[in-house]
Structures are given as structure tokens and as C-alpha cells.
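Q: Build me a model from this:
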Amino acid sequence: MSHILFQLDHLPAVGIYAFLVIWLAAESVGVPLPDEAVLLAVGFLAHKGSVQLAPAVACSVLGAAIGSSVSYTLGLRLGRPVVARIARRMGIHPARLERAEAWMRRRGGIGVFLTRVVPIARNVASYAAGIASIPEKIFYPAMLSGSLVWCVTVLSLGDTLGAHYREILRVGGTALLVAVGLAVVAVVAWLTWSRLRSRGSGSPS
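A: Numbers count the residues shown, from 1 in each chain. All right, here's what the predicted structure looks like:
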């Protein structure tokens with residue numbers, strides 16, 4: 001995370017916002033990129049005043065929406081055989097895509113929302129929603145609301161941790177800072193998952 005902070009801190013605010021859009025779009029279209037570390041880093045930069053939190057949230061959600069929309073459309077228009085070939089090139093086994101599709105068929109909109117809020121098969125979730133023919137009027141509101149919850153939570157966490165950045169580094173270094181951030185994200189994700197899974201059981205992972 002310190003390397004990400006160093007690189008981003010040398011960009012102007014508009015560059016950081018553009019980076020967020022591109023990174024989140026790539027992650028949401030299936031590229032295996034860790035969005036948590038980037039969102040935490042940008043949240044810290046918001047604490048420093050390098051960027052503003054509201055535009056950072058907007059750019060993050062925009063990127064996630066672009067990537068998810070592309071994945072969903074490909075799944076909806078091309079179907080599983082073609083998407084499976086695309087997914088395989090990204091290192092995603094077809095069986096995982098099939099499990100995600102079956103899970104989406106059972107869970108519908110709540111499944112779309114969950115895969116944006118917690119890291120459950122996120123890089124195949126929108127493909128699976130398209131293959132499962134989740135209606136657009138269900139997919140888009142669920143995807144956007146889930147992306148908003150996730151981005152606000154992690155960016156705000158980075159902003160909050162920024163107030164204690166020096167203390168955490170002094171006690172345990174960068175590793176502890178990252179561990180604290182990811183631990184809180186994991187707790188939030190687990191609580192959200194536990195609250196919403198009452199509609200059914202199973203996971204697309």
C-alpha cells in the first residue's frame with residue numbers, strides 16, 4: 001500500500017480520479033486487480049487533502065459501473081460458451097463461472113448486490129448475471145447500489161485510518177496499516193453478507 005500511496009501522491013487530483021475510473025473498470029470487467037488497497041490509499045489521500053472524498057466516490061462507482069456493465073452485456077449477448085473462453089484467458093475456470101451463474105439464478109438482484117459489496121466471485125459476477133438473464137431493471141440498480149456501498153465504505157475507511165496513519169506506522173509499520181484496513185473491510189463485508197444471506201444459502205465462489 002505504501003508503494004501505491006507513493007505513486008498516486010505524485011499525480012494531480014484529476015490524475016488520481018482518472019486512475020480510479022480505469023482501475024475499478026478493469027477490476028470489474030474481470031482483470032484480477034485488488035481494488036481494496038487502491039480505495040484505501042485514495043481514502044488516505046482524501047484525508048491528506050490531495051483529493052476530495054465525494055469525487056473519489058463518484059469516480060470509483062463510475063469505474064465499477066462501466067466494467068460491470070460491459071461484463072453484464074457480454075454475458076447477456078454472447079452467452080456462456082463465448083464468455084467461458086474469455087474468462088479462461090483471465091485465469092477463471094469455466095466451472096467457477098457455472099457456479100456463479102447458478103447462484104445468480106437463485107439469488108437474482110440480491111446476488112448482484114452482494115457480489116459488489118463483498119469479494120465473492122466479483123470478477124465473474126456481472127458476466128454470470130448476464131448469462132443468467134437477470135433483467136436490466138434489476139441488475140443495474142442492484143449493481144450501482146452495491147458498488148456505492150462498497151466504495152463509500154472502503155474510501156471512508158482509508159480516510160478514517162489517515163487520522164491514525166503515523167501512530168499505526170510507528171507501532172507496526174506499513175504491514176500493520178494494511179492489515180488493520182483489510183481487517184475492518186473484512187468485518188464490514190462479513191456483517192453485510194451475514195445480514196443478507198438469510199434469503200438463501202450458498203456462494204458462487
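Q: Quick one: mean pLDDT over the longest helix along the chain.
A: If you go by DSSP state H, the chain has its longest helix at helix 53-89. Mean per-residue pLDDT for helix 53-89: 90.
Q: which other helices and strands contact that helix?
A: Where contact means 3 or more CB pairs under 8 Å, 6 or more residues apart in numbering; DSSP states H and E, helix 53-89 is packed against helix 13-28, helix 35-48, helix 94-107, helix 122-131, helix 136-162. All C-beta spots, glycine's among them, are computed from the backbone N, C-alpha and C.
Q: Arg77 is nearest to which of the ones you listed?
A: Of all those, helix 122-131 sits nearest to Arg77, with 7.5 Å by CB to CB.
Q: if we can go back for a sec, just the buried residues of the longest helix of the chain, please?
A: 53, 56-72, 74-76, 78, 80, 83-84, 86-87 (16 or more other CB atoms under 10 Å).
Q: Turn the helices and strands packed on helix 53-89 into TSV, columns for mean neighbour count and mean pLDDT.
A: As requested, these are exported to TSV (neighbours: other CB atoms under 10 Å; pLDDT from 0 to 100):
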stretch	mean neighbour count	mean pLDDT
helix 13-28	19	93
helix 35-48	23	85
helix 94-107	19	82
helix 122-131	28	86
helix 136-162	20	88
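Q: now the ones you listed as CSV including distance to Thr115?
A: Formatted as CSV, the helices and strands packed on helix 53-89 follow (distance: least, CB to CB, whole Å):
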stretch, distance to Thr115
helix 13-28, 10
helix 35-48, 13
helix 94-107, 8
helix 122-131, 4
helix 136-162, 7
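Q: right, and the ones you listed - which one's nearest Arg116?
A: helix 136-162 (2.8 Å).
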